[in-house]
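Participant: here is the input, now give the coordinates:
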Amino acid sequence: MTDSQRWLVLTLVLLCAGLFYLLEPILFPFLSGMLLAYMGDPLADRLEQKGLSRTLSVVIVFTGLSLLLVVSMLLLLPKLGQQIDNLVSQVPLFFDWIKQTLIPWLERVTGMPAPKLELDRLRQVLMQHWQTGGDLATQLLGQATRSGLAFVGWLVNLTLIPVVAFYLLRDWDAMVERIRLMLPRNIEPHVSRWASECDEVLGAFMKGQLLVMLCLGAFYALGLALVGLKLALILGLLAGLASIVPYMGFIVGIGASLIAAMLQFNELYYLALVGLVFGAGQLLEGMFLTPVLVGDKIGLHPVAVIFAIMAGGQLFGFTGVLLALPVAAVIMVLLRHLHAGYLDSDLYQANEGRALESGDDSSTDSPSTPQ
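Facilitator: Okay, the predicted model is just below:
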């Protein structure tokens, strides 16, 4: 890159960062629509390859995804509300189980008195907050309608997401091609290669890991429902969401499910059934879901995923969470190329070069030994 190109890239990066900081409150629907368009683009491309027009392909993909989302919400939300009420009713039983079963068991095993915990006071505070909060949907709707402007903004953002997703999905390939043609010709091959690597990493995660999360959540919810747990849907969703980090879904899900089974049944047989469900889920993930849907191209370390999501949320709220994984994928690809460049640089190979030079000098200066 020439000096003028470096200054141009630096200026554009700083300008984009400044605009993102200033416009962050209104970016949520646009970023959400962009992510939906990115995830739906491969499906539209496949339909386009079969002879359909781009617009018709986008309409089919968009309609299918919209129907799937609406049907899922209509089926899951009522059931989820019932299980949340069941969860609230289980809170007193959970505290009683800690006080009457868990703490005495820990004292017998460790031989040490357990620290005094004000469990009754904590239970009372939790139940008071839930009772004063009332129904969650009613509370959120009432809070939104108190301010007409806030309600209108919320409604506009919600409406913008499918509109933005549709138009970006329709023009996705054209926009990518225009950006490629605008790049300086001397750096276009390198940027295109880096963009392809970023797409490979991000695509493997967004389109692969999210499908793994969805499949595992559905499997765990169905398996726990067959066991007879009243909180099967909530526990399955919790385990599926936690599966964004490998093995985290298994640890969180089986821990919460064993506690729920203990409170509901208090029999070893049902605990074994819960363990069987999560063991089968791990076999399904390791032998089929991850190899088929994700493969070995993800490249994002679990710790990097956790840090990226937490850092994005801390810096820019939910908008930062949406951008966390794409930014992490780009940074990982850039660091990979920087590492390769560093290994080929004089800075890394300087000591080796000096050692070779000193070895050559010593060999030339030393007198030859007689035969």
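
Participant: any residues touching the one helix or strand Leu233 maps to, and which ones?
Facilitator: Per DSSP states H and E, Leu233 falls inside helix 232-242. Here helix 232-242 makes contact (C-beta atoms under 8 Å, 6 or more residues apart in numbering) with 76, 79-80, 83-84, 87, 213-214, 216-225, 229, 248-254, 256-257, 260, 278, 281. For glycine as for every other residue, the C-beta is placed from the backbone atoms N, C-alpha and C.

Participant: could you turn the buried ones of these into a ChimeraX selection?
Facilitator: The ChimeraX selection below is limited to those of the contacts of helix 232-242 classed as buried (16 or more other C-beta atoms under 10 Å):
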select :83,84,87,213,214,216,217,219,220,221,223,224,225,229,248,249,250,252,253,254,256,257,260,278,281
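
Participant: from the contact counts, what lies against the helix or strand where Thr319 lies?
Facilitator: Per DSSP H and E: Thr319 is located in helix 302-343. On a contact count with 3 or more C-beta pairs under 8 Å, 6 or more residues apart in numbering; DSSP states H and E, helix 302-343 meets helix 28-49, helix 188-203.

Participant: what's the least confident stretch among those helices?
Facilitator: Note on those: helix 188-203 shows the lowest mean pLDDT, a mean of 82.

Participant: pLDDT on the very next helix or strand once past that one, on average?
Facilitator: Next along the chain after helix 188-203, taking DSSP H and E as the criterion, comes helix 210-227. Helix 210-227 shows a mean pLDDT of 90.

Participant: can you check what angle separates helix 210-227 from helix 232-242?
Facilitator: On the basis of axes from the mean of the first three to the mean of the last three C-alpha atoms, to 10 degrees, helix 210-227 is oriented at 150 degrees to helix 232-242.

Participant: mind giving me the packing neighbours of helix 210-227?
Facilitator: helix 232-242, helix 248-264, helix 268-284.

Participant: report the buried residues of the last one.
Facilitator: By neighbour count with 16+ other C-beta under 10 Å, helix 268-284 contains the buried residues Tyr270, Leu271, Leu273, Val274, Val277, Phe278, Gly281.

Participant: got those as TSV, with distance to Glu197 and pLDDT columns?
Facilitator: As requested, those are exported to TSV (distance: C-beta to C-beta, whole Å; pLDDT from 0 to 100):
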residue	distance to Glu197	pLDDT
Tyr270	48	89
Leu271	46	89
Leu273	44	92
Val274	41	92
Val277	38	93
Phe278	35	93
Gly281	31	90
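
Participant: at the geometric centre of the protein, which residue sits there?
Facilitator: Closest residue to the average C-alpha location of the chain: Ile244 at 5.3 Å, with C-alpha atoms, centre = their mean.

Participant: isn't that residue up against Leu211?
Facilitator: No - counting by C-beta atoms under 8 Å, Ile244 stays clear of Leu211, with 11.9 Å between them.
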